[in-house]
Structure formats: C-alpha cells, structure tokens
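1. I need the structure of the sequence given here:
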Amino acid sequence: MDPVQIRFYTRKGCHLCKKALTVLQELQNEFKFRVQLVDIDGSPHLLAAYGHDIPVAEMEGREVFRHRIDKHAMREILQRRLNSPW
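-> Coordinates of the predicted model:
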C-alpha cells in the first residue's frame, strides 16, 4: 500500500506554514505519510484560491486543516485514516 500523502499549500515567508510543517514532520515519526509541498506563488490559480488563507493541508482530496494545525486533531485524523478505510 502506498503511503498516505498530504498536500501542503504554502508560500515563502509564511510563519504559520513553518509551524504547521514542523508539526507534520514530527507526526511522520509516528505515521507513514508523505508531505507534498505546493508553493501557491507559482500558480496564479492557487494564489487566487488561497491567497493569505494558508497553510492548507489536504489528504486524499479532503481538507484536514487550514491556518493553524492542531497536533492532537491531526494525530486522530491520521490514526483513523490508517486504521480504517477513508
């Protein structure tokens, strides 16, 4: 089975993005998942869609957090996903 992938929308200079990415990296010590970084500045479409509404993380097409990450809530999401069908 392929590892779960989290698509992480970010941009340069985003302090909330740095904090959220740190939490995701910590959770990678517990769970098998990959983080795909998507810089919204590289796409006019993504920039229009997200603007200052970042970070945003999606897992399998579903948004799992926006702006601030709650480590405990994210841990529960990963536990549910990895222990049962999504």
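2. quick one, helices of the protein?
-> Remark: helices assigned in the chain by DSSP state H are 15-27, 44-50, 71-83.
3. need those in TSV with mean pLDDT, can you?
-> Listed next are these as TSV, based on pLDDT from 0 to 100:
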stretch	mean pLDDT
helix 15-27	97
helix 44-50	95
helix 71-83	93
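4. for the ones you listed, which one sits closest to Y9?
-> Nearest of these to Y9, taken as Cβ to Cβ: helix 44-50 at 5.5 Å. From N, CA and C alone the C-beta is placed, and that goes for glycine too.
5. report the central residue of this structure.
-> Centrality entry for the chain: nearest residue to the mean C-alpha point is A57, 3.0 Å, by Cα atoms, centre = their mean.
6. dump the residue contacts of it.
-> Contacts for A57 (Cβ atoms under 8 Å, 6 or more residues apart in numbering) come out as 6-9, 20, 24, 63-66, 69.
7. related to what we said a few turns ago, tabulate the helices of the chain (JSON lines), appending distance to R34.
-> As requested, those are exported to JSON lines (distance: least, Cβ to Cβ, whole Å):
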{"stretch": "helix 15-27", "distance to R34": "10"}
{"stretch": "helix 44-50", "distance to R34": "19"}
{"stretch": "helix 71-83", "distance to R34": "12"}
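8. which stretch among the ones you listed approaches L37 most closely?
-> Across these, closest to L37 is helix 15-27 (Cβ to Cβ), at 7.9 Å.
9. buried stuff in that closest one?
-> 17, 20-21, 23-24, 27 (16 or more other Cβ atoms under 10 Å).
10. chain center to it: distance?
-> How far helix 15-27 lies from its chain's middle: 9 Å, per Cα atoms, centre = their mean, to the nearest Å.
11. one more: stretch 10-26?
-> 9 Å.
12. mind listing residues that contact that stretch?
-> Contacts for stretch 10-26 (Cβ under 8 Å, 6+ apart): 6, 8, 35, 37-41, 54-55, 57, 65, 67-69, 71, 74.
13. if we use 7 Å, what do you get?
-> Contacts to stretch 10-26, defined as Cβ atoms under 7 Å, 6 or more residues apart in numbering, come from residues 6, 8, 35, 37-41, 54-55, 67-69, 71, 74.
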